[in-house]
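In: Dropping a prediction and its sequence here:
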Amino acid sequence: MKNRLLVAAVGLVAALSLSACGGASSGSSTAANTKVVIGVDDGAEEHWTLLKNKLKDQGIDLEVKNFTDGAQINTATQQGQVDINLFQHLKYLSQFNVNSNGTLVPVGATAVYPLALYSEKFKSVEELPADAEVAIPNNPTNQARALLNLQTAGLLQLKDGGNSLSTPAEITSSKIKVVPVDSNQTVNALKGTTDAAVVNNTQAQKGGLGDEKIIFKEDLNSESLAPYINGFVVKADRKDDPTWKKIVDAYHTPEVEASVTKLNDGNLQFKADWTAAKLQEVLTAEEAAIKKSK
């Protein structure tokens, strides 16, 4: 009887142990592979399938979890619902960390994407008439960048040359009328009443804007665009996990990069040479600037 009770007790302890280890937590490991859950906003795209297949050969089971909102992705990463994410540039990440007391950090770069000036009425910046209406996105992460673009294009001047936190209130002189709108409405503004609009790459694709309608775009190799480099992001206390380097390296293989390039019609510049440490320097500076401005 005692032996049967002892066997039952051991079996119960083993069952409880397996139950405790067998939950839905991400980042779990088995003898066969390591499961990683990544939060994204474009999970249906081809490059994710390519990346999953490449990582499978390295013993990593990548689960792609799609979200419709960037803040949700970062919150899920912060709370451990996903292990890593990819959807944002460093400027966006800095805003999240400061405003939400986040502890998220970059572990690898992907690419920088253009924020170009489009027009359906004019073929060049020089053709824009005096006081032409130009729409820009009004969200903090892209508004300053749009203003800096317009300054580089010779259409306005910003106080002290402007910075990554500039607003329309800091315009000191202008040849145009700047019209801030929701970033999702920049294409509608362009197709409506404005003469031109600064549109991000995602919205340009959704709105069917081709390169032939670009009248000014940034130099994607410029160091000034460092805050707008996109990257893989994790919680700070997990930044040293060697799994992340495998994911970053797999992303920058020719097949995956080719798929991403095709998706974006070639409008991007990969930044594989940017290390996590270099990205962190930029992030830290951006966070400090936001805190100082408050």
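Out: Cool, got the structure.

In: buried stuff in stretch 275-294?
Out: Ala276, Leu279, Gln280, Val282, Leu283, Glu286, Glu287, Ile290 (16 or more other Cβ atoms under 10 Å). Where C-beta positions appear, they are placed from N, C-alpha and C, glycine not excepted.

In: One more: stretch 257-277?
Out: Glu257, Ser259, Val260, Asn264, Asn267, Leu268, Gln269, Phe270, Lys271, Trp274, Ala276.

In: measure that stretch end to end?
Out: The first and last residues of stretch 257-277 sit 22 Å apart, counting by Cα to Cα, to the nearest Å.

In: Excluding its own residues, what touches that stretch? List them.
Out: 45-47, 50, 105-114, 116, 201, 204-205, 210-211, 220-221, 229, 231, 239, 248, 251-252 (Cβ atoms under 8 Å, 6 or more residues apart in numbering).

In: now stretch 161-177
Out: 91, 128, 130-134, 136, 140, 143-145, 147-148, 150-151, 154-159, 178, 180, 227, 286, 289-290, 293.

In: with the buried residues of stretch 257-277 in mind, which one is nearest to Thr77?
Out: Ala276 (15.6 Å; Cβ to Cβ).

In: Could you confirm Asp237 falls within a helix?
Out: Yes. Per DSSP: H, G, I helix; E, B strand; the rest coil, Asp237 lies within a helix segment.

In: count of residues packed around the residue lying closest to it once chain neighbours are set aside?
Out: Nearest residue to Asp237 in three dimensions, chain neighbours excluded: Thr103, at 7.4 Å (Cβ to Cβ, 6 or more residues apart in numbering). Other residues within reach of Thr103, judged by other Cβ atoms under 10 Å, total 13.

In: can you pull the contacts of Thr103?
Out: Thr103 touches Gln78, Asn97, Lys235, Ala236, Asp237, counting by Cβ under 8 Å, 6+ apart.

In: The nearest residue to the first one once chain neighbours are set aside: neighbour count?
Out: What that stands for is Gln78. Leaving aside its sequence neighbours, Gln78 sits nearest to Gly102 (Cβ to Cβ, 6+ apart; 5.5 Å). As a burial measure, Gly102 scores 20 neighbours (other Cβ under 10 Å).

In: picking up where we left off before, now, among the buried residues of stretch 257-277, which is nearest to Ala196?
Out: Out of the buried residues of stretch 257-277, the member with the shortest distance to Ala196 (by Cβ to Cβ) is Asn267, at 17.6 Å.

In: Quickly find the element holding that closest one.
Out: Asn267 is part of no helix or strand, with elements assigned from DSSP states H and E.

In: Which pLDDT value goes with it?
Out: pLDDT for Asn267: 91.
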